[in-house]
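*Asks:* Structure, please.
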Amino acid sequence: MASAQGSGPPSQPGSATRRPPRVAWTIVLPVVSIVLSLFVWYETRQELAKLSQSHAQLQTDFDTARGRTTIDVAGAPALGPADQVVTLVEFSDYECPFCLRHFTQTMPQIETQYIKTGRIRYVFKDFPIDELHPAAIRAHEAARCAAEQGKFWQMHARLFSRAGSHDDAGIEARATEAGLSVPSLRECLASGRATAGVRQSVELAKSLGANGTPSFFVGLRDPATDEVRLLTAVTGAQPFSVFEQAIAAAAARAR
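*Replies:* Residues are numbered from 1 along each chain as shown. Predicted structure coming up:
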């Protein structure tokens, strides 16, 4: 029997095995990397554009939901330069424990760093919540009556206290400390002329979407009209750093 032989043709003398051409990876890899980077850059720009549109729509929806984008603060108690544009508006309840915390802990910092230095205009608005503090409206009426005597801020500083502490005797004691004419205060309170202004302020707070106290709005005010264009809402007794950020953002927009 003959031995098995390879079936392929015999090799030719001097022939060499062919190899595929060597790919220049040092050129291809950078090109691929650049193409991928361009693709990622393009996709990122598209996503950022979508996010920007979404943010704008959310802002519009927020403005629509809260019913307005500007408020009139003419005639409201205010501190700080009359020509200052950056404005902090507070809606507060004299018997709210969180309002008391803000008044004693955070407000002194805001006053020292922003109001006394002329960096903001600060406006106070009434927001007594009858469901929680039914007697608080009396304190807000007393503050408005004090304003008639030119002593709003002297009375205001004495009104933040626990719920139920604003009976006639308590209010008159604070009025005496603030240097008010107590007979004039009594007449003002008895007339009821301060009530409508307090109620209007409460309705304004609700129209802005405020549902708790304290509520704050940071915006840009037109000194000629006292209209404030709202930019940021701050809810609750937040730390000072939250107000720093909101005010800094508004100041940047004012430039």
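
*Asks:* how about the helix or strand hosting residue 176: buried residues?
*Replies:* Under the criterion of DSSP states H and E, residue 176 resides in helix 168-177. Residues of helix 168-177 classed as buried by neighbour count (16 or more other CB atoms under 10 Å): 170, 171, 172, 174, 175. No exception for glycine: its C-beta is placed from N, CA and C like everyone else's.

*Asks:* who's in contact with the residue lying closest to the last one once chain neighbours are set aside?
*Replies:* Looking back up the chat, that one is residue 175. The spatially closest residue to residue 175, leaving aside those adjacent along the chain, is residue 185, at 5.0 Å (CB to CB, 6 or more residues apart in numbering). Going by CB atoms under 8 Å, 6 or more residues apart in numbering, residue 185 touches 142, 145, 146, 149, 171, 172, 175.

*Asks:* ok, which pair from the buried residues of helix 168-177 is furthest apart?
*Replies:* 170 and 175 (9.7 Å; CB to CB).

*Asks:* where does this protein have its least confident helix or strand?
*Replies:* Here the helix or strand of the chain ranked lowest by mean pLDDT, DSSP states H and E is helix 25-66, holding a mean of 57.

*Asks:* The next helix or strand after that one - contacts with which helices or strands?
*Replies:* Once helix 25-66 ends, the next helix or strand along the chain (criterion: DSSP H and E) is strand 70-72. Judged by 3 or more CB pairs under 8 Å, 6 or more residues apart in numbering; DSSP states H and E, strand 70-72 is in contact with strand 215-222, strand 227-235.

*Asks:* right, and these - which one's nearest residue 86?
*Replies:* With CB to CB as the yardstick, what comes closest out of these is strand 215-222 (6.5 Å).

*Asks:* Show me what the closest one is packed against.
*Replies:* strand 70-72, strand 86-92, strand 227-235, helix 240-254.

*Asks:* and if we set it to 7 Å?
*Replies:* Where contact means 3 or more CB pairs under 7 Å, 6 or more residues apart in numbering; DSSP states H and E, strand 215-222 is packed against strand 86-92, strand 227-235, helix 240-254.

*Asks:* Deepest-packed of those, please.
*Replies:* Sort those by mean neighbour count, taking mean count of other CB atoms under 10 Å, and strand 86-92 sits at the top with a mean of 25.

*Asks:* Just the mean pLDDT for the helix or strand that comes right after it, thanks.
*Replies:* As assigned by DSSP H and E, the chain's next helix or strand after strand 86-92 is helix 97-101. The predicted model gives helix 97-101 an average pLDDT of 97.

*Asks:* try stretch 161-178
*Replies:* 96.

*Asks:* Return it as CSV; C-alpha atoms alone will do.
*Replies:* Only the C-alpha atoms of stretch 161-178 are listed here, as CSV (Å, rounded to 0.1, in the frame of the first residue of the first chain):
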residue,chain,number,x,y,z
SER,A,161,-43.5,85.8,69.4
ARG,A,162,-45.4,82.6,70.3
ALA,A,163,-48.9,82.0,69.2
GLY,A,164,-51.6,83.5,71.3
SER,A,165,-49.3,86.2,72.7
HIS,A,166,-51.0,89.1,70.9
ASP,A,167,-53.9,90.0,73.1
ASP,A,168,-54.8,93.7,73.6
ALA,A,169,-52.6,93.9,76.8
GLY,A,170,-49.6,92.3,75.0
ILE,A,171,-49.9,94.6,72.0
GLU,A,172,-50.3,97.7,74.1
ALA,A,173,-47.2,96.8,76.2
ARG,A,174,-45.2,96.4,73.0
ALA,A,175,-46.6,99.7,71.7
THR,A,176,-45.4,101.4,74.8
GLU,A,177,-41.9,100.0,74.5
ALA,A,178,-41.9,101.1,70.8
